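# okay, sequence plus prediction incoming.
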Amino acid sequence: MMGIATQANAEPVWKNIEFGMTRAQVEALYPKGKGVSHQPKNIEISDIQITEKCAAEANIRFDDAGLVREVMIAGNPSMGGRCSNDVLTSLSAKYGQPANWDSSGGSILARQGKVAVWGRPDGVSMRFKKFENGAFGGGGLGKSSWELSYTKADAISL
């Protein structure tokens, strides 16, 4: 019996959030208030300390049934993308080299960047995007310099 992994004791997707949690369960963990906003399709949590010098905002997104389907972390603006480099280094140290590392095109409205993807053993896909340029805050001064999204790998239909 011991040593058998189940979904119940799997590693959380992010912090104490797991796929399939109900909106009510997430609201109980993060009640509306300072730094926590309950939106119709997601819950936003502001000013999460990622490193000593870097903060971010978390968006916990729900499907039509009101269950957690994705967690997206957006780094707060930082000088020269410093925080995006720190986060990427930490992710690589914890999960190894990404399974995929690619540039993504952009336009004046879609910020360009590089994308790294990791697949965790528990079926969670992690997609990290480091923004590099663009008229609307690509380097990280006006907007986030990075985003990290967690999705359930089997939830992707091809």
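Arrived safely, thanks for sending. Just so it is clear, the model here is predicted, and its values are computed rather than measured.

# setting aside sequence neighbours, what's the nearest residue to Ile60?
Ile43 (4.6 Å; Cβ to Cβ, 6 or more residues apart in numbering). Where C-beta positions appear, they are placed from N, C-alpha and C, glycine not excepted.

# mind checking the SS state of the one you found?
Judged by DSSP: H, G, I helix; E, B strand; the rest coil, the three-state class of Ile43 is strand.

# count of residues packed around it?
23 (other Cβ atoms under 10 Å).

# tell me the pLDDT at it?
Per-residue pLDDT puts Ile43 at 98.

# kindly state the beta-bridge partners for it.
His38, Ile60 (DSSP bridges).

# show me where this protein has its helices.
Along the chain, the stretches classed as helices by DSSP state H are 23-29, 82-95.

# so can I have a markdown table of the ones you listed showing mean pLDDT, distance to Glu11 and mean neighbour count?
Below are these laid out as a markdown table (pLDDT from 0 to 100; distance: least, Cβ to Cβ, whole Å; neighbours: other Cβ atoms under 10 Å):
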| stretch | mean pLDDT | distance to Glu11 | mean neighbour count |
| --- | --- | --- | --- |
| helix 23-29 | 97 | 17 | 14 |
| helix 82-95 | 87 | 12 | 16 |
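
# list the contacts for the residue nearest to Ser37 when sequence neighbours are not counted?
Spatial nearest neighbour of Ser37, chain neighbours left out: Glu44 (4.5 Å); criterion: Cβ to Cβ, 6+ apart. The contact partners of Glu44, taken as Cβ atoms under 8 Å, 6 or more residues apart in numbering, are Val36, Ser37, Glu57, Ala58, Asn59, Ile60.

# mind redoing it with 7 Å?
Ser37, Glu57, Asn59 (Cβ atoms under 7 Å, 6 or more residues apart in numbering).

# flag the shaky bits of this protein, pLDDT-wise.
Across the chain, the ranges flagged by pLDDT under 70 are 1-10, 79-80, 103-112, 133-144, 155-158.

# rewinding a little: can you redo the helices of the chain as a markdown table with distance to Val71?
Listed next are the helices of the chain as a markdown table, based on distance: least, Cβ to Cβ, whole Å:
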| stretch | distance to Val71 |
| --- | --- |
| helix 23-29 | 10 |
| helix 82-95 | 14 |
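
# closest one to Tyr150 among those?
With Cβ to Cβ as the criterion, Tyr150 lies closest to helix 82-95 of the helices of the chain, at 11.6 Å.
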